[in-house]
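K.L.:
What follows is a predicted structure for the sequence shown.
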Amino acid sequence: MPVIETKTGVRLRANNVYVITPGVSVEFRKGVFFVSKRKNEGGVFHPVSILFRSLAEECGTRSIGVVLSGTATDGTEGLLAIKEAGGFTFAQDASATYQGMPQSAIESGAVDFILPPREIGNELLRIAKHPHTVASARKSPSVLVDDVSKILSYMHSRFGLDFAGYKQAMVRRRIDRRMVLARQKTLLDYARYLRDTKGEDQALHQDLLINVTTFFRDTELFRSLARKVLPALLRVQDQSHTLRVWVPACSTGEEVYSIAITIAEILERSGEKKSAVHIKIFGTDADHEAIEKARIGMYPKALMHSVSAERLARFFRPVNGSYQVNKSLREMCVFSPHNFLKDPPFSRMDLISCQNVLIYLDTNFQKKALRAFHYALKPSGYLVLGKSETVGPTGDMFEVVEKKHKIYKRKVGSATKILVPDTSVHVPFGVKKEGGVVKEKTVSIEGEADELLLRDFTPASMVVNSDMDIVRFRGATSPYLEPSTGNASLNLLKMVRQEFTLELRTLLHKAKKEGQSAKKSGIPSGKGRASRLTTIEVVPLKVASQMLHFLVLFSETEVATGAGEEVHSKGTERSDPKSKRIEALVHELSVQKEQMKSMNEEYEAANEELQSANEEVLSSNEELQSINEELETSQEELQSTNEELTTTNDELGARNKELGEARDYAEGIVETVRQPLLVLTNNLRVRTANEAFYKAFKVTREDTEGHLIFELGNNQWDIPSLRKLLSEIIYSSSSIFQDFEMRHTFQSIGEKVMLLNAHRLFQKDNKEKLILLAIEDITERRQAETRKIEEKRLEEIARAKDEFLDMASHELRTPVASIKGYTQILERQFTEANDTRAAKLVSKLDRQVDNLTALIFNLFDDIKIKEGKLKFQKEYFDFNMLVANTIEEVQYMTKQHKITGTFAKIPNVYGDSKRIKQVISNLLTNAIKYSPGAKRVKVVTKTSGQSVIVSVQDFGIGISKKDQSKIFTQFYRVRTKDLDTHPGLGLGLYIATNIIEGHGGRIEVKSNIGKGSVFYVTFPIKEQSKKI
Amino acid sequence: MTTSSSRKQKKTIMIVDDNHSILDIMTLMLKGAGYAVRVTTDGRDVLNLKKPLPDLLFLDLLLSGTNGSELCTQLKSDNKTKNLPIIIFSANINIKKIAKTCGADGFLTKPFEMNELLKMARKHTSV
């Protein structure tokens, strides 16, 4: 939908959204918008209400107003106007972000539907489609008057209430509303529907009765009542008396209870006991149902928003989500069904509160109602009306006490045309009316005599009020009065005979001005008939009531009956009387002149005064204007402050949420952390502990929180060093201790080494000192550390052992080397000396030395293998050369065997050449050793893929299948019966296997008993990527 | 080996070892093969060698007070002695690697065969 900004002349079209530019007033007239400068009403700018009101005036029953979220109270008056015009009104429910505007509208009772925005939309669609709203607004209502009156007479017969006296437009609007809501298209349909549908008559009845009321509807009014009216009324009452209040058309009683609460509060404040002044508040309404509700005094929570929490607590008690008015308050109130337009009114009321009732009545009924109220009030009684109501046409019955809040006071004795017989008793003017009828009956003889004297012997008199209206007559006043033609009036100046008018006016003026009695005697009167001289005296009366009254007394000082007649009949011819007459006339003229002059002067003075007063008024007006402007700016400032506050509030809300989250976060961490944590109070009791603590020390929450730390788990925490530390923390200035290590044996979990860290927490709010104690179980860590030290020590021992082994091997070899050296020298010398026998022996000796050397080597190798410390020094070497050299060396040792080598072409091989040589040497030695009868040993080298293979073949005793798997193990030696076992430890093949495996290769054997064995050594030619 | 040449001019071999029996054996073996032999048990002696220099030096790796490989390195870095052939000998199985590191010309493992010793001497004294 297009969104259009309203400008003057923009025509309203369907399916468009129009927005108001901020700061201007927009009105809707004849289908067109009119934009004007902002209009302030009573210092407030309510653009929404202005628009709504124009809409109501323009569209009447077809207008619909919706108030959504917003601050302040704009829109409320507008909705009232729309409802008044018979339109429909909506307000957003509690879903509104800012409740101000919708809430205000709801409180005013102007809202038909309180819904969330989505449902408002649905309802709008439904209403828009209803034929009544679409078409009927243009129909002439007169055609339908009969139908309306049919409905009303039905209602009259049904409920005994004649709505004919209600404003017809309003009645019509209410019926139209019901028609829309009941989905009936014509009045006739509706009349039928009304008759046939159960409950509809009730609904219409309710709608017509307009039970719209809330507690303290107009708070300002109630404040004013509490400040001025009620205290005055309560003061007047003496102890035994009853303060009587009448709330006609009280609906469901909220207003009644509001007044009751106000009175109760005043009594309480003034310290008077409730029993001293008897309070009676009469609540009446034509609606029986409403009265029933009022009696019970139970109101749903939603209606209590206008009642302060304090009042709610004082005067109500909650019952199932509702609130019931306290019994004491209910006892003050009397509810009864009563139609103040039809039934005789109550009497002797001190206060009548009738708010927003008259607005529904047409003028005649309003008059009737006000007369009834006048009658019902005591002379000094007050009348309170609704904001937009006035005493209007009967202004002569009430005087304004407070205009703003429509508080009126009954005018004394002015009730002239009470339609209902006046049963009250008139008491002498100025005398306080007490006890009424009862007092009248006990009047004494003396009093009666006084009355008689007063009647017969006092001059004729009248009491007039400041408006010159006659309030009371006394004595024979007829000679002085003469009703004038035209409208009937009690005004003294109109009633009095013409000849007295001038004098009387002067006297009244004088009396009023000077505040004392004024007298004028010798006023000739009796035109045409008897000439008399009359004395008029005006006495200002000051009584308790503020209104100024005057007592006007008439008396005749000189009665010239006879002479007068004479003069009248023939006086014109007589010179004496004639001159006398002329003299009198001249005298009168001069007196008149003088009077004229003085009056003129007075008028002039008054005029001047008026002029200056006017100037004052003008300047006051200006001042007021500027004050108004100031107020307006203050209002705007307040509004913006309000918005700021709202924002601040939102922010605070967000902060609060963040705080909550942070707290959850922190608590989550504390609960999840695996380190046991304790929070201790200043007296070392556990405030809280986390899950980890309970788990680690196998205790329950119940046994922990609130207990002294030393008592926990059967006093197992009663550790002297801990006691000392904690007390230090409490009593000294240090706020922490760190990494205090404590070894303690716990009953449940055994010995533990714990690291304690304490930190004092200061909480600013409650000044409570808390200690956070973090406990770390370092038992395992300590054990690990011990293990590490042990390992280190073992390592050192191992190193020392290695050193020792190296040293030992070196030290052992040196003497062996010497022996070998000497043996070889000896062998040579014997050979040179041709001592063959000796040379042979020495040669044997030399072989044994070799064996010994091999044994020593093997022994150390074995130790190194066991320790996993067999190390290789690998490099590329000529494999064939190595094998050849080894053959050559071993060949020295045997004369019987011929070792033959067959070499394939082999590239340089990667390995520890000395170790490889050791292996081949070992295999060759074995081959010789285990083939005592054979003559040769065959050695072959070749390559296979990426590996080199060397095979050593003997033709000796062979190895059984059983032994084949064992020969590579440690200390295993092949034994045969016929073979004298070679000295050896059985380590050779074991070490050889380890060496070859260390090169990533393997040794295999193929053997047949009696035929010999072949050993294959296979290992990779090239350096292996570091796998082995 | 030609007896005539050995008779003409004896090659001098110097042996350094703190073990007297080894010194004794090696001396016996080498003298028997026709070499002139000088011995010392103090390694530091080789640092002040007087001319004429020996033709070959046998240096024990493990010497009391000093270390054969260190001596070898020093001798090889000295212009006067850098051309003197040096054989390191020891019972240490890593002797081969050590010999290479310190710049020795050969190595001999204890216990050694007489043939081995003589072969080594022959190799390094021949012109």
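P.N.:
Alright, I've got the coordinates. For clarity, every value in this text was computed on a predicted model and none was experimentally measured.
K.L.:
what residues does chain A put near chain B?
P.N.:
A:806, A:809-810, A:813-822, A:824-825, A:828, A:849, A:853, A:873, A:889, A:914 (CB under 8 Å from any CB of the partner chain). For glycine as for every other residue, the C-beta is placed from the backbone atoms N, C-alpha and C.
K.L.:
What subset of those residues is buried?
P.N.:
Among those, those scoring as buried are A:809-810, A:813-814, A:816-822, A:824-825, A:828, A:849, A:853, A:889, A:914 (criterion: 16 or more other CB atoms under 10 Å in any protein chain shown).
K.L.:
Could you double-check that residue A:686 sits in contact with residue A:712?
P.N.:
Yes. Because the distance of 7.1 Å satisfies CB atoms under 8 Å, residue A:686 is recorded as touching residue A:712.
K.L.:
joint contacts of the two?
P.N.:
residue A:704 (CB atoms under 8 Å, 6 or more residues apart in numbering or on different chains).
K.L.:
who's more crowded, the two?
P.N.:
Taking neighbours as other CB atoms under 10 Å in any protein chain shown, residue A:686 and residue A:712 compare with residue A:686 leading, 23 against 19.
K.L.:
In a strand, that one, correct?
P.N.:
Yes. Residue A:686 forms part of a strand when assessed by DSSP: H, G, I helix; E, B strand; the rest coil.
K.L.:
who's in contact with it?
P.N.:
A:678-680, A:704-709, A:712.
K.L.:
Among those residues, which has the minimum pLDDT value?
P.N.:
Among those, residue A:712 has the lowest pLDDT, at 76.
K.L.:
and it, helix, strand or coil?
P.N.:
State at residue A:712, reduced to three classes by three-state DSSP: helix.
K.L.:
Residue A:54 versus that one, what's the distance?
P.N.:
78 Å (CB to CB, to the nearest Å).
K.L.:
do the same with residue A:740
P.N.:
For residue A:740, the distance to residue A:54 - CB to CB - is 82 Å.
K.L.:
quick one: which of the two has more around it?
P.N.:
The neighbour count for residue A:740 versus residue A:54, taken as other CB under 10 Å, is higher for residue A:54 (20 against 13).
K.L.:
And for the closest residue to chain B within the stretch 251-400 of chain A, the neighbour number?
P.N.:
Residue of the stretch 251-400 of chain A nearest chain B, by CB to the nearest CB: residue A:309 (98.1 Å). For residue A:309, the number of neighbouring residues by other CB under 10 Å comes to 8.
K.L.:
can you check residue A:779 too?
P.N.:
15.
K.L.:
Would you agree it is in contact with residue A:749?
P.N.:
No. In this structure, residue A:779 is not within contact of residue A:749 by CB under 8 Å, at 9.3 Å.
K.L.:
remind me which residues of the stretch 1-150 of chain A are low pLDDT?
P.N.:
Along the stretch 1-150 of chain A, the parts satisfying pLDDT under 70 run over A:39-44, A:109, A:130-146.
K.L.:
which residues does residue 86 contact?
P.N.:
Went with chain A since none was named. A:60-61, A:169, A:172-174, A:176-177.
K.L.:
Chain B is the one I meant
P.N.:
Residues near residue B:86 by CB under 8 Å, 6+ apart: B:56-57, B:59, B:72, B:75-76, B:103-106.
K.L.:
Bridged to residue A:33, which residues?
P.N.:
Counting by DSSP bridges, residue A:33 forms beta bridges with residue A:28.
K.L.:
before we move on, which element is residue A:310 in?
P.N.:
Using DSSP states H and E, residue A:310 sits in helix A:309-315.
K.L.:
Contacts for that helix, please.
P.N.:
Under the contact criterion CB under 8 Å, 6+ apart, helix A:309-315 has outside partners A:257, A:261, A:264, A:304, A:323, A:325-326, A:329.
K.L.:
tell me the two of these that are most distant?
P.N.:
A:264 and A:304 (17.1 Å; CB to CB).
K.L.:
surely residue A:322 meets residue A:297?
P.N.:
No. With contacts defined as CB under 8 Å, residue A:322 does not count as touching residue A:297, sitting 10.1 Å away.
K.L.:
Backbone torsions only: list them for the residue nearest the centre of chain B.
P.N.:
The C-alpha lying nearest the average C-alpha coordinate of chain B belongs to residue B:58 (CA atoms, centre = their mean; 1.3 Å). Backbone dihedrals for residue B:58, given as degrees, to the nearest 10, come out at phi -100, psi 120.
K.L.:
Write down the beta-bridge partners of it, one by one.
P.N.:
Counting by DSSP bridges, residue B:58 is bridged to residue B:15, residue B:87.
K.L.:
list the contacts for it?
P.N.:
Neighbour list for residue B:58: B:13-17, B:26, B:87, B:89, B:108 [criterion: CB under 8 Å, 6+ apart].
K.L.:
nearest to residue A:454, of those?
P.N.:
The closest of those, once distances to residue A:454 are taken by CB to CB, is residue B:89, at 168.9 Å.
K.L.:
For the closest residue to that closest one other than its chain neighbours, grab phi and psi.
P.N.:
Closest residue to residue B:89 apart from its sequence neighbours, by CB to CB, 6 or more residues apart in numbering or on different chains: residue B:108 at 3.7 Å. When read as degrees, to the nearest 10, the backbone of residue B:108 gives phi -140, psi 130.
K.L.:
ditto for residue A:500
P.N.:
According to degrees, to the nearest 10, residue A:500 has phi -90, psi -10.
K.L.:
quick one, what contacts residue A:4?
P.N.:
Applying CB under 8 Å, 6+ apart to residue A:4 gives the contacts A:10, A:16-19.
K.L.:
Assumed it was part of a helix.
P.N.:
No. Going by three-state DSSP, the assignment for residue A:4 is strand, not a helix.
K.L.:
Pull up the gap between it and chain B, please.
P.N.:
99 Å (CB to the nearest CB, to the nearest Å).
K.L.:
beta partners of that residue?
P.N.:
For residue A:4, the beta-bridge partners are residue A:18 (DSSP bridges).
K.L.:
and if you look at residue A:90?
P.N.:
On DSSP bridges, the residues paired with residue A:90 through beta bridges are residue A:66, residue A:113.
K.L.:
That one: how many residues sit nearby?
P.N.:
Burial of residue A:90 is recorded as 26 neighbouring residues (other CB under 10 Å).
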